[in-house]
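**Q** Turn this into a structure:
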Amino acid sequence: MLIFETHRLRVRQLAESDFADLYRLLSDPEVMRYITTPYKDETQVRERMDLWNNYSQLRPGLGTFALEIKDTGVFCGFCVARQVEYNPESDEFEIGYILAPEFWGQGLVSELVPFLCKYCFQQSGADRLVAFTDPDNTTSQHILIKSGFKFTGLRERPDLVSTEYWLEKTAFVSP
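**A** Next up, the predicted model:
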């Protein structure tokens with residue numbers, strides 16, 4: 001099911017047929033360098049997909065979505081428009097993305113983020129969105145700032161420290 005499109009990307013519901021592509025990304029140390037420890041086996045990816053599916057059932061319209069190149073239909077990554085930590089009780093709404101390395105450096109994430117923010121604002125009704133990056137991930141930080149996000153500090157969690165960026169709905173420029 002189509003969620004939305006950008007100029008070059010199609011954002012759609014994840015399908016079971018995406019498993020191999022998701023496993024390839026989530027187990028790749030370079031892809032996961034700024035996110036978390038790479039997944040070691042298929043069971044971890046299946047559990048993650050179950051979490052994503054369960055969340056989408058609780059919060060229709062929100063969740064994790066596949067990214068495809070519009071012209072070819074090739075899977076190129078995934079993105080999220082969700083409550084932080086997939087917690088349906090949270091009042092914080094987050095956007096995020098992971099792109100396959102062969103698509104890095106093409107401006108696809110810069111193209112995606114404004115459309116993803118528009119979608120998340122519409123689906124969530126939130127007044128602001130949050131995005132997190134590893135403190136060393138300057139590329140992602142630059143994309144967020146270019147998209148109107150403002151650095152708000154560090155967020156420390158038990159296993160992770162992230163830079164935190166907020167985008168206020170009143171400051172959002174819709175694509």
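
**Q** so Leu58 makes contact with Ser90?
**A** No - applying C-beta atoms under 8 Å, one finds Leu58 not in contact with Ser90, separated by 11.9 Å. No exception for glycine: its C-beta is placed from N, CA and C like everyone else's.

**Q** what helix or strand is Leu167 on?
**A** strand 160-168 (DSSP states H and E).

**Q** how deep is Gly125 tucked in, by neighbour count?
**A** 9 (other C-beta atoms under 10 Å).

**Q** before we move on, what about His142?
**A** His142: 12 surrounding residues under other C-beta under 10 Å.

**Q** Show me the strands in the chain, by range?
**A** 2-5, 9-13, 63-69, 75-83, 93-99, 128-133, 150-157, 160-168 (DSSP state E).

**Q** I'd like to know which of those strands is closest to Ala20.
**A** Ala20 lies closest to strand 75-83 among these, at 9.0 Å (C-beta to C-beta).

**Q** Could you list every helix and strand in contact with that closest one?
**A** On a contact count with 3 or more C-beta pairs under 8 Å, 6 or more residues apart in numbering; DSSP states H and E, strand 75-83 meets helix 19-26, strand 63-69, strand 93-99, helix 108-124.

**Q** Right, I'll leave it there.
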